[in-house]
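*Asks:* Attaching a predicted model along with its sequence, questions to come.
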Amino acid sequence: MNIVRPVALAVLASSLSAPALAADKQSIYLNPFAGYQLFDDKRDLSETDTYGFGLEYRFKPHWAVEAVYSRADADRKYDAGDSEFEELRLDGLYYFRGQDSAWNPYLAFGAGHADFGLGDNIGRETAGTDHDETRVNVGAGVRYNISDMISLRGDLREFHGIDESTFDTMVSLGLSLAFHRTTTEPKPADADNDGVPDSRDQCANTPVGAQVDSRGCELDADNDGVADSKDQCPNTPAGAEVNSRGCELDSDNDGVVNSKDQCPNTAAGAEVDETGCEGVTETIETIELRVQFPTNSSVIDATYDAEIRKAADFMEEYPDTTVEIAGHSDSIGDAEYNRFLSQRRAEAVADRLTSVLGVDPDRVTAVGYGEVEPIASNDTAAGRAQNRRVEARIQVRR
């Protein structure tokens, strides 16, 4: 008993001096209590009042550690005389609710060392000798906060004596006095205040207020390499070359961006149409080509050459014309993928027109419009079938 007491106090002292474990509020409770203890029949002790004192350190909102000293003076049950009882134990407590809640139920578990002195045992040769025993305990209780500093605590505990396999029970009620300390968990360094710690911030010194991703880099919704806060042209097509403002390049400054410019390097100041070519192009004839592609495919063979020849024959009759092979899709699926697929299909038809049917490649362009130019409703299967088409738009420049 003389050795266990200072060891337990040392454990508690080390807990009290430990650094804050990221808790917002830490508390130390002084817990005097009075209880009623029932002893195992093997002990030959009557039920008796028990008094004690606990020093509790609540280091986290739901966890605490407590050093407890208790004593009693119990009458012998079967022999004359009485016996003094002392115990020192160390308990762990788990609270189900936070410290600011009025009611704080908890579970407890711990271990300690008890001294059952035989005291004034009349007529026995063993009078004055001691019986030491190690006891473990489990229990439950509730703390009721009357104020921030004062609370009541009720506790029910079951003790098991390891040496002689005994079972003792104690119920107690105590009045607690609390001392609180509020701590603030240090925040990781974040030099640019973007919410991402410097330790994993891959883009230091982002502008104040800029939205960033998990790496601390500014968002770039259209993936053009220019952050949204500087992007003056959002939603540029995938893969398009852009300038420092996030806008598509227009190398010949004709007002038509490179990705849509079918006539690059036009003369400065020249008037161009929407394709970037000089003059005004007018569509004089649109021939729908009945070409069917396998699902998700842009491959065709000679099967449709007779259909495609309709455009070649018209252009042969009118040698001043050009043709735009326009690919279209329905609205099922991703819009960008539909545009990509319609472009590939238009190119496949244009390739048959030039490589097999002999039309000058300079007179043929291919444009995929995807789902943006429907000729029927996409709400029905029949309408979607009409929208999945390839057109030969015969054009002449005025």
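*Replies:* Structure received.
*Asks:* Helix, strand or coil: sort out Q232 for me.
*Replies:* At Q232 the chain is in coil, as set by DSSP: H, G, I helix; E, B strand; the rest coil.
*Asks:* Tell me how many other residues surround the nearest residue to it once chain neighbours are set aside.
*Replies:* Nearest non-adjacent residue to Q232, counting by C-beta to C-beta, 6 or more residues apart in numbering: R245, 4.4 Å away. C-beta here means a position set from N, CA and C on the backbone, and glycine is covered the same way. By other C-beta atoms under 10 Å, 10 other residues sit near R245.
*Asks:* looking at it, F33 is touching L152, isn't it?
*Replies:* No. At 10.1 Å, F33 does not count as touching L152 under the criterion of C-beta atoms under 8 Å.
*Asks:* Torsion angles phi and psi at T134?
*Replies:* phi -90, psi 130 (degrees, to the nearest 10).
*Asks:* Quick check: which ranges of the stretch 1-150 of the chain have low pLDDT?
*Replies:* 1-24, 118-130 (pLDDT under 70).
*Asks:* Tell me which stretches of it form helices.
*Replies:* Ranges of helices in the stretch 1-150 of the chain, per DSSP state H, counting those that start in this stretch, are 4-16.
*Asks:* Now stretch 274-294: buried residues?
*Replies:* Residues of stretch 274-294 classed as buried by neighbour count (16 or more other C-beta atoms under 10 Å): T275, G276, C277, T281, I287, L289, V291, F293.
*Asks:* could you give the mean pLDDT of it?
*Replies:* The average pLDDT within stretch 274-294 is 77.
*Asks:* Contacts for that stretch, please.
*Replies:* 252, 254-256, 260-264, 266-267, 270-273, 299-300, 304, 307-308, 310-311, 314, 321-322, 324, 345, 348-349, 365, 389-398 (C-beta atoms under 8 Å, 6 or more residues apart in numbering).
*Asks:* mind checking the end-to-end distance for it?
*Replies:* Distance across stretch 274-294, first residue to last, is 32 Å (C-alpha to C-alpha, to the nearest Å).
*Asks:* can you check stretch 205-218 too?
*Replies:* 10 Å.
*Asks:* residue contacts, the residue nearest to V136 when sequence neighbours are not counted?
*Replies:* Of all residues not flanking V136 in the chain, A111 sits nearest, at 4.6 Å (C-beta to C-beta, 6+ apart). Contact analysis of A111 by C-beta under 8 Å, 6+ apart lists R89, L90, T134, R135, V136, N137.
*Asks:* Just the buried residues of these.
*Replies:* Judged by 16+ other C-beta under 10 Å, buried ones among the contacts of A111: R89, L90, R135, N137.
*Asks:* Show me the two of those residues that sit farthest apart.
*Replies:* L90 and R135 (11.7 Å; C-beta to C-beta).
*Asks:* which neighbours do these two share?
*Replies:* In contact with both L90 and R135: A111, G112, using C-beta under 8 Å, 6+ apart.
*Asks:* List the beta-bridge partners for N145.
*Replies:* Beta bridges link N145 to S151, judged by DSSP bridges.
*Asks:* wait, I375 sits on R388?
*Replies:* No. The pair I375 / R388 is not scored as a contact, 10.5 Å apart, by C-beta under 8 Å.
*Asks:* Between those two, which has more neighbouring residues?
*Replies:* R388 (19 against 11).
*Asks:* need the contact list for that one.
*Replies:* Counted by C-beta under 8 Å, 6+ apart, R388 has contacts H328, S329, D330.
*Asks:* Would you map out the domains in this protein?
*Replies:* 4-182, 281-397 (automatic domain parsing).
*Asks:* Check the nearest residue to C247 once chain neighbours are set aside and give its pLDDT.
*Replies:* Residue nearest to C247 in three dimensions, not counting chain neighbours: C233, with 3.8 Å by C-beta to C-beta, 6+ apart. Note for C233: predicted pLDDT of 83.
*Asks:* Dump the contacts of A111 to TSV, plus distance to G358.
*Replies:* Below are the contacts of A111 laid out as TSV (distance: C-beta to C-beta, whole Å):
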residue	distance to G358
R89	101
L90	97
T134	103
R135	104
V136	98
N137	99
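*Asks:* ok, then the element right after the lengthiest helix in the chain?
*Replies:* Looking across the chain with DSSP state H, the single longest helix is helix 335-355. Downstream of helix 335-355, the next assigned helix or strand under DSSP states H and E is strand 364-370.
*Asks:* got the angle for that next one vs helix 335-355?
*Replies:* 160 degrees (axes from the mean of the first three to the mean of the last three C-alpha atoms, to 10 degrees).
*Asks:* Going forward, count from 94.
*Replies:* Okay, residue one is now 94; in that scheme the one you just asked about reads as strand 457-463.
*Asks:* Give me the sheet partners of strand 457-463 and which way each runs.
*Replies:* strand 415-421 (parallel).
*Asks:* any residues touching the strand it pairs with, and which ones?
*Replies:* 374, 376, 404, 408, 434-440, 442-443, 446, 452, 456-464, 466-468, 480-490.
*Asks:* Can you tell me which of those are buried?
*Replies:* 374, 404, 408, 434-440, 442-443, 446, 452, 457-464, 467, 480-488.
*Asks:* F126 and L245: who's more crowded?
*Replies:* The neighbour comparison of F126 against L245 (other C-beta under 10 Å) goes to F126, with 20 against 13.
*Asks:* Next, count neighbours for E177.
*Replies:* Counted with other C-beta under 10 Å, E177 comes out at 15.
*Asks:* Also T259?
*Replies:* T259, neighbours per other C-beta under 10 Å, totals 18.
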